[in-house]
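**Q** quick one, structure for this:
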Amino acid sequence: MTHNEEIAALRSDYRKSELLEHDVDPNPIHQFRIWFDNAMNAEIAEPNAMCLCTVHLNQPDSRIVLLKAIKDEGFVFFTNYHSSKGLQIEANPQVALNIVWLELERQVRVEGVAHKISEEESDHYFYSRPFESQVGAIVSAQSEQLSSREDLELAMQTALEKYKSIKPVRPKHWGGYIVVPTEIEFWQGRTSRLHDRLQYRLINGVWNIVRLFP
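**A** Reported below is the predicted structural model:
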C-alpha cells in the first residue's frame, strides 16, 4: 500500500453521541457553553483552541487562537492588532471560527463579525496574564519579519530586566476581539458518515435552527 493509499484508508466510524433538535438549547451561545463544559469535563487538551479564518485580498487565511471568554454576544480572543490577522480584520471584519473536539466527535463552526472589545476589558485580561506573557506581548512585533531567534531572546531578556522595577503597560495595539455570530453550526459525528449538523441562523434578530445534510 502506498503512502497516499494509507492516508485514504484512514477513517473512524463515529458512535459516541447524537444531536437532535429537541435536545438543543434554542440559543446557540447557551448550547455552545453546554458543549464547551462537556469538553472541559472530558479533560481535552486545549479545549479552547479554535481556528480563526480571515480574508486578505480575497485569499482566506487561518491560524489557531485561544478562546478566552464566551459572552452572550459572542466569542472573545486576544491578539496584536498590528498582526496579520489584526490588519485583515481591520480591512474586513467578516471572520469564521472552527472549534473541534475529536475526543467527543464534535465540531462547531461560526460565521460572524469581529469587533474590538473595550480597552478596560483588554486591560483586565492583559494584567491577569503571567508576567512573562505581558512582557512577551510588548516585545513581539507579531507577524513582522524577524532576523533571528537570538535577537528575539535578547530583546525578551532585556525587557524582563527593565520590567522588574516598573509595571508593564499594555500596548495600545494589543487587545481583544469579540466575534458576534450570524451563523453557528453544531456538528456531531455519526456512524456511516451520516453526521448530525444543526445550523443556527440569525434572521431578524431571532435564531432559527435548520438541519443540514451531512
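**Q** please count neighbours and contacts with C-alpha atoms only from this point.
**A** Noted.
**Q** ok, Q107 to L10 distance?
**A** Look at Q107 and L10: by Cα to Cα, to the nearest Å, they are 19 Å apart.
**Q** those two: who's more crowded?
**A** Just comparing Q107 and L10: by other Cα atoms under 10 Å the higher neighbour count belongs to Q107, 17 against 7.
**Q** thought that one was touching D196?
**A** No: at 10.7 Å, Q107 does not count as touching D196 under the criterion of Cα atoms under 8 Å.
**Q** neighbouring strands for the strand ranked longest in the chain, and are they parallel or not?
**A** In the chain, taking DSSP state E as the definition, the longest strand is strand 174-188. If you go by DSSP bridges, strand 174-188 pairs up with strand 75-80 (antiparallel), strand 106-116 (antiparallel), strand 196-203 (antiparallel).
**Q** hang on, the earlier thing: which neighbours do Q107 and D196 have in common?
**A** Residues within reach of Q107 and of D196 at once, by Cα atoms under 8 Å, 6 or more residues apart in numbering, are 186-188.
**Q** name the helix or strand for A45, please.
**A** Under the criterion DSSP states H and E, no helix or strand holds A45.
**Q** let me fix that, I meant to ask about F32.
**A** Going by DSSP H and E, F32 is part of helix 28-41.
**Q** quick check: angle from that helix to strand 75-80?
**A** 70 degrees (axes from the mean of the first three to the mean of the last three Cα atoms, to 10 degrees).
**Q** next SSE downstream of helix 28-41?
**A** strand 49-56.
**Q** now do the buried residues in that next one.
**A** 49-55 (16 or more other Cα atoms under 10 Å).
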